[in-house]
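[1] No sequence on hand, only this structure:
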Ligand SMILES: [Zn+2]
């Protein structure tokens, strides 16, 4: 399929450095942005779209989450992480079936697409069912089996690896698979080291929770005499690491930050989850000043409580400015880049996250006729600080529309909503 977008205003690959919007024609051919030029008059046959009313951005990338946790939304407000996990989430997660996870994932994908997300990270269970939902919905994802190491470490590592081998680069490259050792407080350092080694050999990502709460870091200090990050560094796990996506990273010393930077790790910031669970506020000044690739994630919907990336990036921007008492701490360009290119880099989708010739056509069409974009003084400013998901008119992934004029094209939302309610009520009744 070919689409010629006429007169689109868009954020191109130079935007982060020069902050200038470009207006031009964009030719999408197959899954790729084939040409960008002021006027394309000789395009081969295909659909021509008058894109004048849209701000076109790269698709948003949700770099950390647990997609099917939509089913557990609203079950535990007002509790800290450990109680939230042990008293509310873990008991219900033990009851989940593959079909529950499939439906919960579909609900999450619908919500994500409606708010402009094209690529998702997942760390959960029944990942083959998650992959099925991703493939059918036409979006992109990096999927991992959330793995704790308590008991049968060899078997768990093997099953996680089997999934990686089975699923990586499937669905025409839209699905990548990774390892997901859950967190320092649910795994031994040796288990983390073993997963790093296998991921390095297989050339895949490791995504894990890291330094999320003060208690997690304190427990390591008591047991090992150092932070989780320093402990892994001492054991050499960061010497030749795989591609790492560390979620949260709220409580870090300068040394921890330097270790992650040297390891080439990405950090997926989850500000709303950290605020809601009372986990704390990251040292944004140090993170922004470091060379670490920063990405943005919503975390699971049971601790956020939605997967709206625009809302997430706005709260992140507020916190970066507010906690440092410096409104210039982060620019609009950098914030938008973290939610798009930063996430794509983190999750291993190196051919997306940016609008340029040769990149994959993962695009969001924001309707600038929405009142939140009026009076068009600076539409990227309006996007970040005024608009909401109501303005998402269309979403394209690999050159295919998955949302058009607010209508989901790949997910039967009425069926998903009905099934999600039945399944969520069963789980809530525990
Ligand atoms: Zn998480």
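    It's in. Only a predicted model underlies this, so the values are computations on that prediction, with no experimental measurement involved.

[2] Residue 169: neighbour count?
    When neighbours are counted by other C-beta atoms under 10 Å, residue 169 registers 12. For every residue, glycine as well, the C-beta is placed using N, CA and C.

[3] same deal with residue 426?
    So residue 426, with other C-beta under 10 Å, has 14 neighbours.

[4] Secondary structure class of the residue nearest to it when sequence neighbours are not counted, three-state.
    Leaving aside its chain neighbours, residue 426 sits nearest to residue 95 (7.8 Å; criterion: C-beta to C-beta, 6 or more residues apart in numbering). Secondary structure, DSSP: H, G, I helix; E, B strand; the rest coil: residue 95 is coil.

[5] residues near residue 95, how many?
    Residue 95 has 10 neighbouring residues, counting by other C-beta under 10 Å.

[6] quick one: it from residue 68, how far?
    Distance, residue 95 to residue 68, by C-beta to C-beta, to the nearest Å: 12 Å.

[7] Also residue 370?
    Taking C-beta to C-beta, one finds residue 370 at 31 Å from residue 68.

[8] With residue 44 instead?
    41 Å.

[9] how deep is residue 334 tucked in, by neighbour count?
    Per other C-beta under 10 Å, the neighbour tally for residue 334 reads 17.

[10] try the one 3 residues further on
    When neighbours are defined as other C-beta under 10 Å, residue 337 has 22 of them.

[11] which strands and helices sit next to whichever strand or helix holds it?
    Secondary-structure assignment from DSSP states H and E places residue 337 in helix 332-337. If you count contacts as 3 or more C-beta pairs under 8 Å, 6 or more residues apart in numbering; DSSP states H and E, helix 332-337 packs onto helix 15-18, helix 309-324, helix 379-385.

[12] Could you rerun that using 6 Å?
    The contact analysis (3 or more C-beta pairs under 6 Å, 6 or more residues apart in numbering; DSSP states H and E) places helix 332-337 against helix 15-18, helix 379-385.

[13] Could you export the ones you listed as TSV, including mean neighbour count?
    Below are these laid out as TSV (neighbours: other C-beta atoms under 10 Å):
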stretch	mean neighbour count
helix 15-18	16
helix 379-385	18
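
[14] do you know which of the ones you listed lies nearest residue 55?
    helix 379-385 (4.8 Å; C-beta to C-beta).

[15] just how off-centre is the closest one within its chain?
    Taking the mean of its C-alpha atoms, helix 379-385 sits 20 Å from the chain's own mean (C-alpha atoms, centre = their mean, to the nearest Å).

[16] Other residues contacting that helix?
    Residues from elsewhere that reach helix 379-385, judged by C-beta atoms under 6 Å, 6 or more residues apart in numbering: 55, 332, 368, 373.

[17] And the residues you listed, which is the shakiest by pLDDT?
    On pLDDT alone, residue 332 ranks lowest of those, at 94.

[18] That one and residue 307, how far apart?
    Taking C-beta to C-beta, one finds residue 332 at 22 Å from residue 307.

[19] Likewise for residue 33?
    For residue 33 relative to residue 307 (C-beta to C-beta), the value is 26 Å.

[20] And those two? Which one has more around it.
    Shown here are residue 33 and residue 307; by other C-beta under 10 Å, residue 307 has more neighbours (29 against 22).

[21] surely the more buried one meets residue 112?
    Yes. Counting by C-beta atoms under 6 Å, residue 112 is a contact partner of residue 307 at 5.0 Å.

[22] how close does residue 382 sit to residue 264?
    Distance, residue 382 to residue 264, by C-beta to C-beta: 35 Å.

[23] meant to ask about residue 329
    Distance from residue 329 to residue 264, by C-beta to C-beta: 24 Å.

[24] more crowded one of the two?
    For residue 329 versus residue 264, neighbours defined as other C-beta under 10 Å are more numerous around residue 329 (18 against 14).
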